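Q: Next come a sequence and a model predicted from it.
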Amino acid sequence: TTTEAETTTEITTTEETTTAAEPSGPVKVRITYRGGELSGDTGTVPIEEGADVEIMVRADVEDEVHLHGYDIAAEVAPGHPARINFEADDAGKFIAELEHLHLHIVTLRIRG
C-alpha cells in the first residue's frame, strides 16, 4: 500500500513602502493674559534652530508684545490677539513681554 502526503507551502512577501514625512507646521506658542494672570505656554519653551515659530497672545488689555533679541513686536488688545511669526535662526534665550506692563510672558530657548 502506498500513501501520498500532500504538502502545502505558503510564501509571504513583505513589500517595503516609504512615506514622505508631512511638512510640520510652525511651533505654536499660545499665551493668554486675563485678569492679571498668565496662562498657556508660559515659562521656557524649547525650540530647534531653523524652526518656524508662531507666537499668539490674547489679552484683556491693550499693550505691545515684544520679542527681545529678534526685536519683533505686535499690538494686542481685547478681541485682537497679537501674532508674531518668525524663523528661529539665532540660538539662545529670548524673552517676550507685554511691553507697557513690563511683564515677562515667555522665554524661547532656541537650540542649535
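A: Received the coordinates, thanks. Numbering: from 1, shown residues only.
Q: got a list of what the most centrally placed residue in the chain touches?
A: Geometric centre of the chain, nearest residue: residue 27, 1.9 Å, by C-alpha atoms, centre = their mean. Shown in contact with residue 27 (C-beta atoms under 8 Å, 6 or more residues apart in numbering): 45, 47, 51-54, 88. Quick note: C-beta positions are derived from backbone N, CA and C, even for glycine.
Q: can you give me the strands in the chain?
A: 27-34, 37-40, 44-48, 52-59, 63-67, 72-76, 82-87, 92-98, 103-111 (DSSP state E).
Q: rewinding a little: may I see the contacts of residue 27 organised as TSV, with distance to residue 64, neighbour count and pLDDT added?
A: Formatted as TSV, the contacts of residue 27 follow (distance: C-beta to C-beta, whole Å; neighbours: other C-beta atoms under 10 Å; pLDDT from 0 to 100):
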residue	distance to residue 64	neighbour count	pLDDT
45	20	19	97
47	22	19	97
51	24	16	97
52	22	14	98
53	18	20	98
54	18	14	98
88	21	22	97
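Q: distance of residue 24 from residue 56?
A: Using C-beta to C-beta, to the nearest Å, residue 24 is found at 17 Å from residue 56.
Q: Please identify which of those two sits among more neighbours.
A: residue 56 (19 against 8; other C-beta atoms under 10 Å).
Q: Thank you kindly, that will do.
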